[in-house]
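Student: Let's see this in three dimensions:
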Amino acid sequence: MKRNTPKSLQTYSAFILVITVADLVNGVSVLWKSIRLSPTDDTIFVMFHGACELYSKDLLRRAEFWYAVSIQAVILNHFVLIASYIYRLLVITKPFDQFDRKVVSIIVYTYSAVHFCYFMWVLVKALRPFEEINEAVAAYRPELIGSNWTYYAVLDLNSPSQIVMNILSIYLPWIVLLVALICRWRISHYLSSFQFSANMKQLQKSVVYVLYAQTLGPALTAMTAVFYIIVRGWGAFNIYLFENLMMTPVSLMVLVNPIVTIGFVVPYRAAFLKLFNFNNYSNNLRLVAVEKLPRIGILPILPIIMSALPQLYYFPIRGFAEYIRLLFVDNGVKFEDHRVPKDDVEWPKLKKTMIFGQVPCLRINGKELVQTGTIMRYLGKVYDLNGANDDEAAFIDMFFEGVRDVRIKYIRYIYHNEETREQFVNVTLPAALEKLEALFKVHPGDFVIGNKISYADYILFEELDVYNTLDDSILNKFPVLKAFRERIWNRKNLKTYLEKRVADKVWINAIDRQ
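Tutor: Predicted coordinates:
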């Protein structure tokens, strides 16, 4: 499980691991002792069938043990579910608070150990001499005396050692369902203040499906609690029917919970399918992409679904992040585009989580990368956009840095007024473009390195488009660069994105000077 869980989500995997172990223990106990319960006001009679009947030595003690283990496994399952609901609520509504993975995992595992110790103590305190058990059974279910049934009884459900387990058995599943509904409402209320694309709305629905699916187990346990109350309160009213039905939902829960975990948690589903060589299907297990987010409020939803999509953080302008966006879009790479207003109240918290406290920041494959050049070179290697050999890679890197030097001059003009417009447009920029065009011609073809696109082509295109916005005649003297800009603009994956960028009037810079 840990191997198939993204690093950023291994805190949540602690919850899933405990739930899975509890379900496994419950499943073994269900096979070992198929039980039938018959409760009264202060006593519960337990009749055993199942694999335990294959053993004659200490049969009763074996059955008692597995019955107690089954009940405490179900209770543990529900407690951890409650904790997981609250945890994901906190992650969603407090996206920039830091949750220490080791601390959370230690708390979950420590509680699980204490939980089993406590309820084994409850089992020990429930043990009574068999003569007392027979006396109680003879008064209430005399037909069991001398029968082939293996039976037992908890004689005082209201004793200090038993009352907690008795109350939890009846009411805990309802508490789980209530907490799930409250968390679902709170999450919906929080997200309602944000505007989302159609793709993101679909992603949110997936989140809801996971939450609802995880309530199937408690819902089944709640059915058992209903049958328990019916038999306990109404005695002879179809008592045998409800006694036989009572534990059926709990038995079904053993099947439902693993199906939910495998079916709704994407990495686990992929690993399961891969185990049975369903490679073609598992390769298609992808989450919907977030094309554009106006705010960062959606950030915490993604860990719940365990998304493996790259996450790009920048301001709601083109800036340095636009090179990265263009690379992703042109290569059909789905990614999360988090555009964070600098005056957003959450920005200071997000800033503190980043390596140098600056953007662009890319979180990909469990790593965090900052610095534009580092990110572009990394993506160039990942997506085969770095040339065919070391010489080409060095040329691409040199071209990239050369274009970025021109951008620095542009920034000084825009933000610091180091030059007049006439000086920058008529002298500085043409001189730089002349050198870039000459360098572009070194490798004849459509792109920087000939006829194969590289990561340097995206920065070159973006800068040419920026300068064309500044002066729409600036490229007329540089026909090779002008043709390059038009060629990139009309690439299949980029054209729609670029046209939408124009329609949305996305700023190039952080100030109203484009």
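Student: what domains does the record give for this structure?
Tutor: Domain assignment for the chain by automatic domain parsing gives 2-271, 310-503.
Student: Kindly report which one of those domains carries the lowest mean pLDDT.
Tutor: Looking at those, the lowest mean pLDDT belongs to domain 2-271 (a mean of 71).
Student: OK, contacts around residue 187?
Tutor: Each residue near residue 187 by C-beta atoms under 8 Å, 6 or more residues apart in numbering is listed here: 88-89, 92-93, 207. For the C-beta atoms, the positions are set from N, CA and C on the backbone; glycine is no exception.
Student: Can you show me the strands along the chain?
Tutor: Assigned strands in the chain, in chain order: 34-39, 44-49, 150-154, 311-314, 336-339, 361-364, 367-370 (criterion: DSSP state E).
Student: Please spell out which residues along the last one are buried.
Tutor: What that stands for is strand 367-370. The neighbour-count check on strand 367-370 (16 or more other C-beta atoms under 10 Å) flags 369-370 as buried.
Student: Pairing partners for it, with directions?
Tutor: Looking at strand 367-370 with DSSP bridges, its partner strands are strand 361-364 (antiparallel).
Student: and what of the fourth one?
Tutor: Strand 311-314 has these partner strands in its sheet, going by DSSP bridges: strand 336-339 (parallel), strand 361-364 (antiparallel).
Student: Now do the buried residues in it.
Tutor: For strand 311-314, by 16+ other C-beta under 10 Å, it's 311-314.
Student: Redo these as CSV? Include distance to residue 422.
Tutor: Shown next, in CSV, are the buried residues of strand 311-314 (distance: C-beta to C-beta, whole Å):
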residue, distance to residue 422
311, 42
312, 36
313, 37
314, 31
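Student: related to what we said a few turns ago, adding distance to residue 511, write the domains of the chain out as TSV.
Tutor: Formatted as TSV, these follow (distance: least, C-beta to C-beta, whole Å):
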stretch	distance to residue 511
domain 2-271	24
domain 310-503	7
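Student: who wins for proximity to residue 510 among the ones you listed?
Tutor: domain 310-503 (5.7 Å; C-beta to C-beta).
Student: first to last residue in that closest one, what's the distance?
Tutor: 26 Å (C-alpha to C-alpha, to the nearest Å).
Student: for stretch 445-458, same thing?
Tutor: 16 Å.
Student: just how off-centre is that stretch within its chain?
Tutor: Distance of stretch 445-458 from the chain centroid (C-alpha atoms, centre = their mean, to the nearest Å) equals 36 Å.
Student: So for that stretch, what gets flagged as buried?
Tutor: 447-449, 452-458.
Student: quick one on the thing from earlier: out of the buried residues of strand 311-314, which is nearest to residue 176?
Tutor: Looking across the buried residues of strand 311-314 and measuring by C-beta to C-beta, the closest to residue 176 is residue 311, at 31.5 Å.
Student: beta partners for the closest one?
Tutor: Taking DSSP bridges, one finds residue 336, residue 363 as the beta-bridge partners of residue 311.
Student: thought it was touching residue 362?
Tutor: Yes. The criterion here is C-beta atoms under 8 Å, and residue 311 meets it with residue 362 at 7.1 Å.
Student: Pull the residues that contact stretch 369-384.
Tutor: By C-beta under 8 Å, 6+ apart, stretch 369-384 touches 320-321, 323-324, 327-328, 331, 333, 354-356, 358-363, 385-386, 396-397, 400-401, 404, 454-455, 458-459.
Student: export the strands paired with strand 311-314 to a markdown table and tack on distance to residue 14 and mean neighbour count?
Tutor: As requested, the strands paired with strand 311-314 are arranged in a markdown table below (distance: least, C-beta to C-beta, whole Å; neighbours: other C-beta atoms under 10 Å):
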| stretch | distance to residue 14 | mean neighbour count |
| --- | --- | --- |
| strand 336-339 | 24 | 22 |
| strand 361-364 | 21 | 22 |
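Student: and these as TSV, adding distance to residue 163?
Tutor: Formatted as TSV, the strands paired with strand 311-314 follow (distance: least, C-beta to C-beta, whole Å):
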stretch	distance to residue 163
strand 336-339	49
strand 361-364	49
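Student: Minimum distance to residue 442: which of the ones you listed has it?
Tutor: strand 361-364 (29.7 Å).
Student: quick one: the closest one to chain centroid distance?
Tutor: 16 Å.
Student: Using PDB, write out the CA atom coordinates for that strand.
Tutor: Provided in PDB are the C-alpha atoms of strand 361-364 (Å, rounded to 0.1, in the frame of the first residue of the first chain):
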ATOM      1  CA  CYS A 361       6.900  26.600  -8.200                       C
ATOM      2  CA  LEU A 362       6.300  23.100  -9.700                       C
ATOM      3  CA  ARG A 363       5.300  20.100  -7.600                       C
ATOM      4  CA  ILE A 364       5.700  17.000  -9.600                       C
END
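Student: Residues in contact with that strand: which ones?
Tutor: So strand 361-364 is in contact with 8, 310-314, 324, 354-355, 368-370, 375, 378, going by C-beta under 8 Å, 6+ apart.
Student: List the contacts of stretch 452-466.
Tutor: Applying C-beta under 8 Å, 6+ apart, the set of residues contacting stretch 452-466 from outside is 318, 322-324, 326-327, 330, 376-377, 379-380, 385-388, 392, 396-397, 399-400, 403-404, 406-407, 410, 436, 440, 445, 447-449, 475, 481-482, 484-485, 488-489, 508.
Student: Would you show me how to pick out the buried ones of those in ChimeraX?
Tutor: Selection of the buried residues among the contacts of stretch 452-466 in ChimeraX, burial being defined by 16+ other C-beta under 10 Å:
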select :318,322,323,324,326,327,330,376,377,379,380,385,386,387,392,396,397,399,400,403,404,406,407,410,436,440,447,448,449,475,481,482,484,485,488,508
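Student: what's the distance between the nearest residue to residue 419 once chain neighbours are set aside and residue 426?
Tutor: Spatial nearest neighbour of residue 419, excluding adjacent residues (C-beta to C-beta, 6 or more residues apart in numbering): residue 413 at 5.1 Å. From residue 413 across to residue 426, the span is 12 Å (C-beta to C-beta, to the nearest Å).
Student: Between those two, tell me which one has more neighbours.
Tutor: Ranked by neighbour count (other C-beta atoms under 10 Å), residue 413 and residue 426 place residue 413 first, with 20 against 13.
Student: Please verify my assumption that the more buried one contacts residue 427.
Tutor: No. With contact defined as C-beta under 8 Å, residue 413 does not reach residue 427; the gap is 11.4 Å.
Student: before we move on, the earlier item: can you tell me which of the contacts of stretch 369-384 are in helices?
Tutor: Judged by DSSP state H, the subset of the contacts of stretch 369-384 located in helices is 321, 323-324, 327-328, 396-397, 400-401, 404, 455, 458-459.
Student: Quick check: the two most widely separated of those?
Tutor: Taking C-beta to C-beta, no two of the ones in helices among the contacts of stretch 369-384 sit farther apart than 328 and 401, at 21.2 Å.
Student: Mind checking which of these two has more residues around it?
Tutor: Ranked by neighbour count (other C-beta under 10 Å), residue 328 and residue 401 place residue 328 first, with 23 against 12.
Student: I am finished for the moment; much appreciated.
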